[in-house]
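Q: Structure here, sequence nowhere to be found:
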(Lines give C-alpha, C1' and ligand atoms only; values in the text may rest on other atoms or scores of the structure.)
Protein backbone atom coordinates (compact mmCIF):
# COMPACT_ATOMS: atom_id res chain seq x y z
CA UNK A 1 0.00 0.00 0.00
CA UNK A 2 1.43 3.41 -0.95
CA UNK A 3 2.25 6.04 1.62
CA UNK A 4 -0.72 7.84 3.10
CA UNK A 5 -0.84 11.61 2.94
CA UNK A 6 -3.63 13.96 3.98
CA UNK A 7 -4.21 17.20 5.83
CA UNK A 8 -6.91 17.35 8.51
CA UNK A 9 -7.98 19.73 11.30
CA UNK A 10 -6.80 18.86 14.80
CA UNK A 11 -8.67 19.19 18.11
CA UNK A 12 -6.78 22.47 18.55
CA UNK A 13 -8.41 23.86 15.40
CA UNK A 14 -5.17 23.86 13.36
CA UNK A 15 -4.39 21.81 10.23
CA UNK A 16 -1.98 18.88 10.36
CA UNK A 17 -0.31 17.33 7.30
CA UNK A 18 0.59 13.68 7.76
CA UNK A 19 3.73 14.21 5.68
CA UNK A 20 5.05 16.49 8.44
CA UNK A 21 5.55 13.40 10.62
CA UNK A 22 7.93 11.60 8.24
CA UNK A 23 10.83 9.97 10.03
CA UNK A 24 8.60 8.72 12.85
CA UNK A 25 6.23 5.78 13.09
CA UNK A 26 2.56 6.74 13.29
CA UNK A 27 -0.33 4.88 14.94
CA UNK A 28 -3.47 6.16 13.22
CA UNK A 29 -6.59 4.71 14.80
CA UNK A 30 -10.03 5.32 13.30
CA UNK A 31 -12.92 5.19 15.78
CA UNK A 32 -16.68 5.77 15.29
CA UNK A 33 -17.58 8.50 17.79
CA UNK A 34 -16.33 10.54 20.74
CA UNK A 35 -17.28 9.55 24.28
CA UNK A 36 -18.96 6.25 23.42
CA UNK A 37 -18.15 3.12 25.40
CA UNK A 38 -15.83 1.29 23.01
CA UNK A 39 -14.13 4.44 21.76
CA UNK A 40 -13.53 5.62 25.32
CA UNK A 41 -11.94 2.29 26.31
CA UNK A 42 -9.68 2.32 23.26
CA UNK A 43 -8.61 5.94 23.68
CA UNK A 44 -7.97 5.62 27.42
CA UNK A 45 -5.79 2.55 26.88
CA UNK A 46 -3.66 4.53 24.42
CA UNK A 47 -3.54 7.29 27.04
CA UNK A 48 -2.36 4.95 29.77
CA UNK A 49 0.37 3.49 27.54
CA UNK A 50 1.35 6.83 26.03
CA UNK A 51 4.79 6.97 27.77
CA UNK A 52 5.72 3.60 26.26
CA UNK A 53 4.73 4.77 22.77
CA UNK A 54 6.81 7.90 23.29
CA UNK A 55 9.81 5.73 24.17
CA UNK A 56 9.31 3.90 20.85
CA UNK A 57 9.24 7.30 19.06
CA UNK A 58 5.74 6.56 17.79
CA UNK A 59 3.06 9.23 17.26
CA UNK A 60 -0.55 8.42 18.18
CA UNK A 61 -3.36 10.04 16.20
CA UNK A 62 -7.05 9.38 16.82
CA UNK A 63 -9.48 10.17 14.02
CA UNK A 64 -13.30 10.26 13.73
CA UNK A 65 -16.00 12.29 11.92
CA UNK A 66 -16.65 14.38 15.09
CA UNK A 67 -16.03 18.14 14.91
CA UNK A 68 -13.40 20.21 16.74
CA UNK A 69 -15.67 21.07 19.69
CA UNK A 70 -16.56 17.41 20.26
CA UNK A 71 -12.88 16.41 20.14
CA UNK A 72 -11.94 19.11 22.64
CA UNK A 73 -14.60 17.99 25.08
CA UNK A 74 -13.68 14.32 24.71
CA UNK A 75 -9.97 15.02 25.08
CA UNK A 76 -10.44 17.19 28.20
CA UNK A 77 -12.84 14.75 29.87
CA UNK A 78 -10.40 11.84 29.72
CA UNK A 79 -7.12 13.80 29.70
CA UNK A 80 -5.95 12.35 26.40
CA UNK A 81 -2.30 13.36 25.74
CA UNK A 82 -2.32 12.85 21.96
CA UNK A 83 -3.90 14.61 18.98
CA UNK A 84 -7.40 13.93 17.66
CA UNK A 85 -8.13 14.63 13.98
CA UNK A 86 -11.42 15.70 12.39
CA UNK A 87 -12.46 13.61 9.38
CA UNK A 88 -15.13 16.06 8.29
CA UNK A 89 -18.06 14.35 6.55
CA UNK A 90 -16.08 11.07 6.90
CA UNK A 91 -14.35 11.82 3.59
CA UNK A 92 -11.06 10.06 4.48
CA UNK A 93 -12.91 7.06 5.92
CA UNK A 94 -14.79 6.68 2.62
CA UNK A 95 -11.54 6.98 0.65
CA UNK A 96 -10.00 4.14 2.65
CA UNK A 97 -13.16 2.00 2.52
CA UNK A 98 -13.86 2.39 6.24
CA UNK A 99 -17.29 4.02 5.93
CA UNK A 100 -19.50 0.93 6.05
CA UNK A 101 -22.99 -0.26 6.87
CA UNK A 102 -23.42 -1.43 10.45
CA UNK A 103 -26.17 -3.09 12.42
CA UNK A 104 -27.13 -2.64 16.05
CA UNK A 105 -30.24 -4.12 17.71
CA UNK A 106 -31.82 -4.68 14.34
CA UNK A 107 -31.13 -1.13 13.11
CA UNK A 108 -28.89 -0.55 10.10
CA UNK A 109 -26.81 2.59 9.75
CA UNK A 110 -23.56 3.89 8.24
CA UNK A 111 -20.49 4.38 10.41
CA UNK A 112 -16.72 4.06 10.72
CA UNK A 113 -15.23 0.56 10.88
CA UNK A 114 -12.89 0.52 13.87
CA UNK A 115 -9.46 0.17 12.21
CA UNK A 116 -5.83 1.04 13.03
CA UNK A 117 -3.03 1.78 10.55
CA UNK A 118 0.64 1.45 11.47
CA UNK A 119 2.72 3.76 9.28
CA UNK A 120 6.45 3.45 8.86
CA UNK A 121 8.91 6.39 8.99
CA UNK A 122 8.48 6.83 5.22
CA UNK A 123 4.69 7.02 5.51
CA UNK A 124 4.01 3.57 4.04
CA UNK A 125 1.46 1.31 5.68
CA UNK A 126 3.26 -1.44 7.60
CA UNK A 127 0.20 -3.14 9.01
CA UNK A 128 -3.59 -2.74 9.32
CA UNK A 129 -5.59 -3.92 12.34
CA UNK A 130 -9.16 -4.59 11.13
CA UNK A 131 -12.30 -5.17 13.18
CA UNK A 132 -10.49 -3.92 16.23
CA UNK A 133 -11.50 -5.03 19.72
CA UNK A 134 -11.12 -1.82 21.82
CA UNK A 135 -10.11 -3.61 25.03
CA UNK A 136 -6.48 -4.69 24.83
CA UNK A 137 -5.86 -3.02 21.47
CA UNK A 138 -3.18 -0.60 22.70
CA UNK A 139 -1.22 -3.57 24.08
CA UNK A 140 -1.26 -5.46 20.80
CA UNK A 141 -0.24 -2.33 18.86
CA UNK A 142 2.75 -1.86 21.20
CA UNK A 143 3.62 -5.53 20.74
CA UNK A 144 3.61 -5.04 16.96
CA UNK A 145 5.92 -2.03 17.16
CA UNK A 146 8.40 -4.05 19.22
CA UNK A 147 8.12 -7.52 17.70
CA UNK A 148 5.98 -7.55 14.58
CA UNK A 149 2.82 -9.46 13.69
CA UNK A 150 3.49 -12.61 15.71
CA UNK A 151 4.15 -10.56 18.82
CA UNK A 152 0.87 -8.69 18.26
CA UNK A 153 -1.07 -11.95 17.89
CA UNK A 154 0.52 -13.35 21.05
CA UNK A 155 -0.36 -10.18 22.97
CA UNK A 156 -4.00 -10.41 21.86
CA UNK A 157 -4.23 -14.09 22.81
CA UNK A 158 -2.70 -13.40 26.23
CA UNK A 159 -5.08 -10.52 26.86
CA UNK A 160 -8.15 -12.52 25.85
CA UNK A 161 -7.07 -15.45 28.02
CA UNK A 162 -6.57 -13.18 31.03
CA UNK A 163 -10.04 -11.68 30.55
CA UNK A 164 -11.62 -15.11 30.21
CA UNK A 165 -9.92 -16.28 33.41
CA UNK A 166 -11.36 -13.43 35.45
CA UNK A 167 -14.78 -13.39 33.85
CA UNK A 168 -17.62 -14.44 36.15
CA UNK A 169 -20.04 -16.97 34.65
CA UNK A 170 -23.38 -15.55 33.59
CA UNK A 171 -26.81 -17.10 33.13
CA UNK A 172 -26.16 -17.17 29.39
CA UNK A 173 -22.91 -19.10 29.92
CA UNK A 174 -24.75 -21.61 32.10
CA UNK A 175 -27.38 -22.11 29.40
CA UNK A 176 -24.64 -22.76 26.83
CA UNK A 177 -23.05 -25.38 29.06
CA UNK A 178 -26.39 -27.14 29.49
CA UNK A 179 -26.83 -27.26 25.71
CA UNK A 180 -23.26 -28.35 24.97
CA UNK A 181 -22.91 -30.88 27.79
CA UNK A 182 -25.75 -33.46 27.90
CA UNK A 183 -26.34 -35.44 31.07
CA UNK A 184 -23.55 -37.96 31.55
CA UNK A 185 -24.39 -41.69 31.65
CA UNK A 186 -22.55 -42.29 34.95
CA UNK A 187 -25.01 -39.97 36.66
CA UNK A 188 -27.90 -42.18 35.53
CA UNK A 189 -26.11 -45.27 36.85
CA UNK A 190 -25.65 -43.69 40.23
CA UNK A 191 -29.36 -42.95 40.39
CA UNK A 192 -30.11 -46.65 39.85
CA UNK A 193 -27.60 -47.80 42.47
CA UNK A 194 -28.98 -45.65 45.27
CA UNK A 195 -32.27 -47.60 45.73
CA UNK A 196 -30.26 -50.86 45.67
CA UNK A 197 -28.13 -49.64 48.55
CA UNK A 198 -31.24 -48.86 50.58
CA UNK A 199 -32.65 -52.33 49.95
CA UNK A 200 -29.33 -53.90 51.01
CA UNK A 201 -29.41 -51.94 54.22
CA UNK A 202 -32.77 -53.46 55.16
CA UNK A 203 -31.53 -57.09 54.94
CA UNK A 204 -29.55 -57.12 58.24
CA UNK A 205 -32.69 -55.98 60.07
CA UNK A 206 -34.80 -58.90 58.77
CA UNK A 207 -32.15 -61.66 59.07
CA UNK A 208 -31.73 -61.58 62.91
CA UNK A 209 -35.52 -61.75 63.27
CA UNK A 210 -35.51 -65.15 61.58
CA UNK A 211 -32.71 -66.48 63.80
CA UNK A 212 -34.37 -65.44 67.06
CA UNK A 213 -37.72 -67.02 66.43
CA UNK A 214 -40.09 -67.27 69.41
CA UNK A 215 -41.24 -70.77 68.39
CA UNK A 216 -38.05 -72.62 69.40
CA UNK A 217 -38.41 -72.18 73.18
CA UNK A 218 -41.99 -73.47 72.91
CA UNK A 219 -40.80 -76.66 71.21
CA UNK A 220 -38.22 -77.31 73.94
CA UNK A 221 -40.88 -76.93 76.63
CA UNK A 222 -43.18 -79.47 74.97
CA UNK A 223 -40.36 -82.00 74.73
CA UNK A 224 -39.56 -81.61 78.42
CA UNK A 225 -43.21 -82.16 79.38
CA UNK A 226 -43.42 -85.26 77.24
CA UNK A 227 -40.23 -86.68 78.75
CA UNK A 228 -41.50 -86.13 82.29
CA UNK A 229 -44.81 -87.76 81.45
CA UNK A 230 -42.99 -90.75 79.97
CA UNK A 231 -40.89 -91.19 83.11
CA UNK A 232 -43.95 -91.13 85.33
CA UNK A 233 -45.61 -93.77 83.22
CA UNK A 234 -42.51 -95.96 83.42
CA UNK A 235 -42.28 -95.75 87.25
CA UNK A 236 -45.88 -96.70 87.95
CA UNK A 237 -46.31 -100.51 88.07
CA UNK A 238 -48.83 -101.91 85.83
CA UNK A 239 -52.04 -102.57 87.63
CA UNK A 240 -52.73 -106.29 88.09
CA UNK A 241 -56.09 -107.29 86.92
CA UNK A 242 -58.43 -108.14 89.79
CA UNK A 243 -58.77 -111.86 90.36
CA UNK A 244 -62.24 -113.06 89.86
CA UNK A 245 -63.40 -115.45 92.56
CA UNK A 246 -63.38 -119.00 91.38
CA UNK A 247 -66.78 -120.33 90.71
CA UNK A 248 -67.76 -123.17 92.94
CA UNK A 249 -68.04 -126.34 91.04
CA UNK A 250 -71.52 -127.58 91.02
CA UNK A 251 -71.92 -130.77 92.91
CA UNK A 252 -73.25 -133.52 90.81
CA UNK A 253 -76.65 -134.49 91.78
CA UNK A 254 -76.35 -137.71 93.86
CA UNK A 255 -78.60 -140.21 95.28
CA UNK A 256 -80.20 -139.34 98.63
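A: Arrived safely, thanks for sending. Fair warning: this is a prediction, and the values are worked out from it, not measured in the lab.
Q: Flag the shaky bits of the stretch 151-256 of the chain, pLDDT-wise.
A: 169-256 (pLDDT under 70).
Q: switch the cut-off to 80
A: In the predicted model of the stretch 151-256 of the chain, residues 168-256 satisfy pLDDT under 80.
Q: What residues of stretch 37-46 count as buried?
A: For stretch 37-46, the neighbour count (16 or more other C-beta atoms under 10 Å) marks 38, 39, 40, 42, 43, 45, 46 as buried. Quick note: C-beta positions are derived from backbone N, CA and C, even for glycine.
Q: How about the contacts made by the third one?
A: Put plainly, it is residue 40. By C-beta atoms under 8 Å, 6 or more residues apart in numbering, the contact list for residue 40 reads residue 78.
Q: Could you measure from it over to residue 62?
A: 11 Å (C-beta to C-beta, to the nearest Å).
Q: ok so, going back, widest-spaced pair of the buried residues of stretch 37-46?
A: Spatially, the most separated pair among the buried residues of stretch 37-46 is 38 and 46, at 13.0 Å (C-beta to C-beta).
Q: can you count the residues close to the closest residue to residue 6 other than its chain neighbours?
A: Closest residue in space to residue 6, ignoring its immediate chain neighbours: residue 18 at 5.5 Å, by C-beta to C-beta, 6 or more residues apart in numbering. By other C-beta atoms under 10 Å, 19 other residues sit near residue 18.
Q: now do the one 5 residues further on
A: Summarising burial for residue 23: neighbours were counted as other C-beta under 10 Å, giving 9.
Q: shouldn't it be in contact with residue 121?
A: Yes - between residue 23 and residue 121 a contact is recorded at 5.2 Å, counting by C-beta atoms under 8 Å.
Q: elements contacting the helix or strand hosting residue 111?
A: Element membership for residue 111 (DSSP states H and E) is strand 107-112. On a contact count with 3 or more C-beta pairs under 8 Å, 6 or more residues apart in numbering; DSSP states H and E, strand 107-112 meets strand 99-104.
Q: Given the strand it packs on, what are its sheet partners and their directions?
A: Note on strand 99-104: by DSSP bridges, its sheet partners are strand 107-112 (antiparallel).
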